[in-house]
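[1] Quick one, what's the 3D model for this:
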Amino acid sequence: MLGISYPSIKKWILEGKLKTIKTPGGHHRLTLASLRPYLELDGARPKSESRKRYRRVSGRNQLAGTVVSVRVQGFLAEVVLAIGDTNVTAIITAEAVKELQLKKGDAAAALIKSTDVMIERLEDEAD
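    Residues are numbered from 1 along each chain as shown. Prediction:
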């Protein structure tokens, strides 16, 4: 909701920066009232930097960037986003591109949903 890691929230609770309600089992529960000042600060940010858009979708793996290119061919479209110094390419339907009215230069986000992450060693294999 705030884009803060669990360890940071825990630290803020222990430092008294975030007020909580303690359950009989000793667990901390945050109230909306305790988060309100942080949500208000977030609301003052420019729309492109606000975490509000993250709260509209359940997925949290969202990478905001700028559309570098859109190539539509038949029923499919290739959309390339520049995110920092990296490009992310997505193949989506041509209809989605039309509905979103995506074009080069637009602000957009890649929402990533994956259950697996694989690692490949890029150095030469050892003998």
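[2] Tell me the buried residues in the longest strand belonging to the chain?
    For the chain, the strand that runs over the most residues, judged by DSSP state E, is strand 62-73. Judged by neighbour count (16 or more other CB atoms under 10 Å), strand 62-73 contains these buried residues: 65, 67, 70, 72. For glycine as for every other residue, the C-beta is placed from the backbone atoms N, C-alpha and C.
[3] Give the rounded mean pLDDT of it.
    Across strand 62-73, pLDDT averages out at 91.
[4] Can you tell me which helix or strand of this protein has the lowest average pLDDT?
    helix 32-44 (a mean of 80; mean pLDDT, DSSP states H and E).
[5] quick one: the longest strand of the chain to chain centroid distance?
    For strand 62-73, the separation from the chain centroid amounts to 15 Å (computed by CA atoms, centre = their mean, to the nearest Å).
[6] I'd like the next helix or strand past that strand.
    strand 76-83 (DSSP states H and E).
[7] Adjacent strands (with direction) for that following strand?
    Using DSSP bridges, the strands paired with strand 76-83 are strand 62-73 (antiparallel), strand 86-93 (antiparallel).
[8] buried stuff in the shortest one?
    Which is strand 86-93. Neighbour-count burial for strand 86-93 [16+ other CB under 10 Å]: residue 88.
[9] would TSV of the buried residues of strand 62-73 with distance to residue 98 be doable?
    Compiled in TSV, the buried residues of strand 62-73 are given as follows (distance: CB to CB, whole Å):
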residue	distance to residue 98
65	20
67	14
70	10
72	8
